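1. this one's sequence-less:
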């Protein structure tokens, strides 16, 4: 009898978790990142700026320019978050910091379409030290994986369902009369 109630409680927990799965299983695929057009200046110079989500420049952030999954140039941002990389050719590049990136179609000087921007803007997560400058901080993982896991709606729903069903199942199991 006790085992039957325990199994029933576990089945209730699994059924509750199962209700959450279709939301994720049928969700739309994430949209591909937008590719922005950027005009290079003479000498294949890419100008850019790394900014926080608040729009403040990020000082001291490493910047990696990648083409076909390999680094082709690196830089470090100045106090206002700006950077410059020289010697690039037209093509599609990923401009990345440790905590943010963007994909850009770079155009050689004089060949860019009219809507092309004059520089790349990369948004990143960072720590504000004062109101004028944001300083780069590198998150080496630590509790990042746990935060990501706990921000998943399926995991949250599962934890809530377990928190509700487990005490109910244990209470019923504990109060079940024993027959001799």
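-> Great, that's in hand. Quick caveat: nothing in here was measured; it's all calculated off a predicted structure.
2. need the three-state assignment for residue 171.
-> State at residue 171, reduced to three classes by DSSP: H, G, I helix; E, B strand; the rest coil: helix.
3. what do you get for residue 168?
-> helix.
4. run a quick neighbour tally on it.
-> By other Cβ atoms under 10 Å, the residues close to residue 168 number 14. Heads up, the C-betas are built off the backbone N, CA and C, glycines and all.
5. which stretches in this protein count as helices?
-> Counting by DSSP state H, the chain has these helices, from start to end: 2-25, 144-150, 153-174.
6. hey, least reliable of those helices by pLDDT?
-> Least confidently modelled of the helices of the chain is helix 144-150, at a mean of 56 by mean pLDDT.
7. surely residue 90 and residue 40 touch.
-> Yes - with contacts counted by Cβ atoms under 8 Å, residue 90 reaches residue 40, the gap being 7.2 Å.
8. now do the shared contacts for those two.
-> In terms of Cβ atoms under 8 Å, 6 or more residues apart in numbering, residue 90 and residue 40 are both contacted by the residues 106-108.
9. of these, grab the buried ones for ChimeraX.
-> The buried subset of the shared contacts of residue 90 and residue 40, as determined by 16 or more other Cβ atoms under 10 Å, is captured in ChimeraX by this line:
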select :106,107
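10. and which of the shared contacts of residue 90 and residue 40 is nearest residue 72?
-> When these are compared for distance to residue 72, the smallest value, 10.8 Å, is given by residue 106; criterion: Cβ to Cβ.
11. these two touch, right, the closest one and residue 38?
-> Yes - proximity of residue 106 to residue 38 meets the contact threshold set by Cβ under 8 Å, at 5.5 Å.
12. pull up the overlap in contacts between those two.
-> Once Cβ under 8 Å, 6+ apart is applied, the residues that residue 106 and residue 38 both contact turn out to be residue 46.
13. ok, back up a step: of residue 90 and residue 40, which one has the most company?
-> residue 40 (25 against 15).
14. show me what contacts that one?
-> 46, 88, 90, 106-109, 112.
15. between those residues, which is closest to residue 8?
-> Residue 8 has its nearest neighbour among the contacts of residue 40 in residue 106, at 61.8 Å by Cβ to Cβ.
16. okay, and the beta partners of that closest one?
-> residue 38, residue 91 (DSSP bridges).
17. from residue 91, how far off is it?
-> In this structure, residue 106 and residue 91 are separated by 6 Å, where distance is defined by Cβ to Cβ, to the nearest Å.
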